[in-house]
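# Provided below are the primary sequence and the corresponding predicted coordinates.
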Amino acid sequence: MKFAVIVFPGSNCDIDCYKAVEDTIGQKVDYVWHTATDLSDYDCILVPGGFSYGDYLRCGAIARFAPVMNEVRKAADAGKYVLGICNGFQILTEAGLLPGALLRNNGMKFRCHATELEVVSNNTAFTNQYALGESINIPIAHGEGNYYCDDATLAELKANNQIVFRYAAGANPNGSVEDIAGVSNKQGNVVGMMPHPERAVDQLLGSEDGKRMFTSILNAWREQHGAAINS
């Protein structure tokens with residue numbers, strides 16, 4: 001399996017994503033610059049956190065126009081796996097690949113700490129190694145992580161089982177609607193989340209609960225290609 005980590009000017013979690021793939025599941029991974037016009041060699045696209053283009057205008061608003069985003073859309077439409085983390089989630093919503101928007105945290109402060117999440121859906125390529133309803137510890141680091149969507153979109157998310165993660169009851173750090181921390185597209189091959197699983201792949205980092213996101217992706221890909229992962 002081959003991974004691409006998209007790099008925008010201002011990305012700062014690209015190395016974390018690269019190392020998570022390399023060290024956790026030992027698969028091929030490349031950094032891909034935002035001007036790239038071909039992602040056909042890759043099976044999974046990671047859109048990392050950071051401050052793409054300095055977060056000017058609003059988070060992700062400029063990055064969504066980068067040439068590589070046309071290729072990310074093609075990959076998503078082809079059923080390949082796309083994961084947007086933090087700023088990557090913001091970019092995917094700006095690009096219309098995921099519903100909703102990310103607003104300023106309700107406390108108007110940057111929040112950086114461990115968070116407890118509930119796995120709401122384990123029916124995606126990114127969560128198949130988790131138990132439904134499982135509590136996991138994944139850190140956050142964001143100033144605009146307040147997920148918002150209108151009532152009609154929220155009803156659709158629920159009806160299609162597109163809510164992937166919620167912050168644990170009483171632990172919502174940003175005011176996001178119904179404690180939503182991550183969502184998917186209808187097909188389940190595109191997921192965006194504000195917490196950082198790539199920063200939770202080893203107990204030295206305080207948690208290894210993010211590790212199973214990467215083993216889930218590999219498992220889904222191998223099943224798709226006729227060989228389940230040995231774990």
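Yep, it's here. Numbers count the residues shown, from 1 in each chain.
# quick one: the helices in this protein?
For the chain, the helices defined by DSSP state H occupy 14-20, 67-77, 87-94, 151-159, 211-224.
# out of these, which one sits most buried?
helix 87-94 (a mean of 28; mean count of other Cβ atoms under 10 Å). C-beta coordinates here come from the backbone N, C-alpha and C atoms, glycine included.
# got the angle between that one and helix 67-77?
80 degrees (axes from the mean of the first three to the mean of the last three Cα atoms, to 10 degrees).
# excluding its backbone neighbours, what's nearest residue 74?
Nearest residue to residue 74, sequence neighbours excluded (Cβ to Cβ, 6 or more residues apart in numbering): residue 39, at 7.2 Å.
# quick one: low-confidence parts of this protein?
The chain contains residues with pLDDT under 70 at 227-231.
# again, 80 this time
Flagging of the chain using pLDDT under 80 yields the residue ranges 226-231.
# residue ranges for the strands of it, please.
Along the chain, counting by DSSP state E, strands occupy 2-7, 28-33, 44-47, 81-85, 101-103, 111-119, 135-142, 146-148, 163-167, 180-184, 190-193.
# convert the third one to PDB, retaining C-alpha atoms only.
Below are the C-alpha coordinates for strand 44-47, written out as PDB (Å, rounded to 0.1, in the frame of the first residue of the first chain):
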ATOM      1  CA  CYS A  44      -4.400   6.700   0.700                       C
ATOM      2  CA  ILE A  45      -4.100  10.500   0.900                       C
ATOM      3  CA  LEU A  46      -3.300  12.100   4.200                       C
ATOM      4  CA  VAL A  47      -4.000  15.900   4.500                       C
END
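# which residues sit against it?
Applying Cβ atoms under 8 Å, 6 or more residues apart in numbering, the external contacts of strand 44-47 come out as 1-6, 17, 21, 39, 72, 75-76, 80-85, 87-89, 91-92, 217, 221.
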